[in-house]
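>>> 3D, please:
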Amino acid sequence: MDADHDWVLFYKLDGDRPTEFHEIRRFGHTVWQASGCPKTFGETHTSTFDSEETVLAAFRAECDNATRNGFTLTHSGVYCQNGLDVPQLRNLIYLGAKRAFETMRTTHPDQTLRLFGLLSDESAMTIVPAANSKEAIKELNDEECIWNVSAWQFGEGNEYLDPAYRMILPPHRDIPCDVDDNFAAAIFESCVNALSRLREEGFFGEQNDELVVLFQVCDSEVGIELNQQLNTENTYKRYAAWMGV
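Presented below is the predicted three-dimensional model:
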């Protein structure tokens, strides 16, 4: 493992679906590890060493152990010294969201998915995908199921966003990292960037007033204006009116 890397992420996979993670971080003279099911904190273990040389050797040894135990290295980078790697985070959210939405489509072939979104919280500790369909909206006949992402019907494939989840957890787990007051905003904007990329690629289908693409912060008005770039003018006006802004 490259000495410049202080964060590595391994998975056990079922096809391309993550079923178990193993994360290793190095900071100071400490090697920190966590393992468990995707989108959970997992169980942690921390070891401290007496020199840069020994901590690096231990870090590399733990990476080798993960491989021997059947895990596949999928991501690595630098976090603790340089704060949040926004370009990497954006790409991980984009890839994870795309695979999650593909899973929803595959799981519900009888549904016409026309609403796609990502949901977070005010502390920026979560990134959750969701979708809804024309059929579900017609059946429920409720504005809530159009504009409230947390009320949408479909959420399969959440595990594909686990790599991005691992990147944003350190401030919530007492892991030393250089983050500032813009930390949450950078995560929210990365979610919008991922949705925008998918929309521009035509992944969501025909771009008209029926297509709804939303990023929301649960129980908050934070980030409402970010959705203007994701929707037609008419759709965004309807959403903003429903949100009361």
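>>> can you pull the buried residues of the longest strand seen in the chain?
For the chain, the strand with the greatest residue count under DSSP state E is strand 17-27. Residues of strand 17-27 classed as buried by neighbour count (16 or more other Cβ atoms under 10 Å): 18, 20-27. Placement of C-beta: from N, CA and C, glycine included.
>>> give me the pLDDT value at the residue lying farthest from the centre of the chain.
Ranked by distance from the centre of the chain (Cα atoms, centre = their mean), the top residue is D50, with 35.1 Å. If you check D50, the pLDDT there is 96.
>>> enumerate every residue touching it.
H29 (Cβ atoms under 8 Å, 6 or more residues apart in numbering).
>>> my read is it is in a strand, agree?
No - read with DSSP: H, G, I helix; E, B strand; the rest coil, D50 is coil and lies in no strand.
>>> so how far is V245 from it?
Distance of D50 to V245, computed by Cβ to Cβ, to the nearest Å: 56 Å.
>>> and for A58?
Applying Cβ to Cβ to A58 and V245 gives a distance of 52 Å.
>>> end-to-end on stretch 117-133?
12 Å (Cα to Cα, to the nearest Å).
>>> just give the number of residues close to the nearest residue to E23 once chain neighbours are set aside.
Nearest non-adjacent residue to E23, counting by Cβ to Cβ, 6 or more residues apart in numbering: A34, 4.8 Å away. Counted with other Cβ atoms under 10 Å, the neighbours of A34 add up to 21.
>>> how about the helices in the protein?
Listed in chain order, the helices of the chain (DSSP state H) span 52-68, 86-107, 134-140, 144-147, 162-168, 183-200, 233-243.
>>> how about those in JSON lines, adding distance to C218 and mean neighbour count?
Output for the helices of the chain, formatted as JSON lines (distance: least, Cβ to Cβ, whole Å; neighbours: other Cβ atoms under 10 Å):
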{"stretch": "helix 52-68", "distance to C218": "33", "mean neighbour count": "15"}
{"stretch": "helix 86-107", "distance to C218": "17", "mean neighbour count": "19"}
{"stretch": "helix 134-140", "distance to C218": "20", "mean neighbour count": "15"}
{"stretch": "helix 144-147", "distance to C218": "13", "mean neighbour count": "18"}
{"stretch": "helix 162-168", "distance to C218": "15", "mean neighbour count": "23"}
{"stretch": "helix 183-200", "distance to C218": "12", "mean neighbour count": "20"}
{"stretch": "helix 233-243", "distance to C218": "13", "mean neighbour count": "15"}
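>>> contacts only, for N193.
Counting by Cβ under 8 Å, 6+ apart, N193 has contacts 90, 93-94.
>>> repeat the analysis, applying 6 Å as the threshold.
R90 (Cβ atoms under 6 Å, 6 or more residues apart in numbering).
>>> any idea how far it lies from G223?
From N193 over to G223 (counting by Cβ to Cβ), the distance is 12 Å.
>>> please apply the same query to A131.
A131 is 19 Å from G223, by Cβ to Cβ.
>>> who has more neighbours out of those two?
Looking at A131 and G223 with other Cβ under 10 Å, you find the greater number of neighbours at A131, namely 26 against 19.
>>> show me what contacts that one?
So A131 contacts 104, 113, 116, 154 (Cβ under 6 Å, 6+ apart).
>>> quick one, what contacts the second one?
Right, L113. Residues counted as contacts of L113 (Cβ under 6 Å, 6+ apart) are 105, 131, 133.
>>> pick the one among the residues you listed closest to N231.
For the contacts of L113, the closest approach to N231 (Cβ to Cβ) belongs to A131, at 15.0 Å.
>>> could you chop the chain up by domain?
Per automatic domain parsing, the structural domains of the chain span 7-77, 86-243.
>>> first-to-last residue distance for the last one?
Distance between the boundary residues of domain 86-243 (Cα to Cα) amounts to 29 Å.
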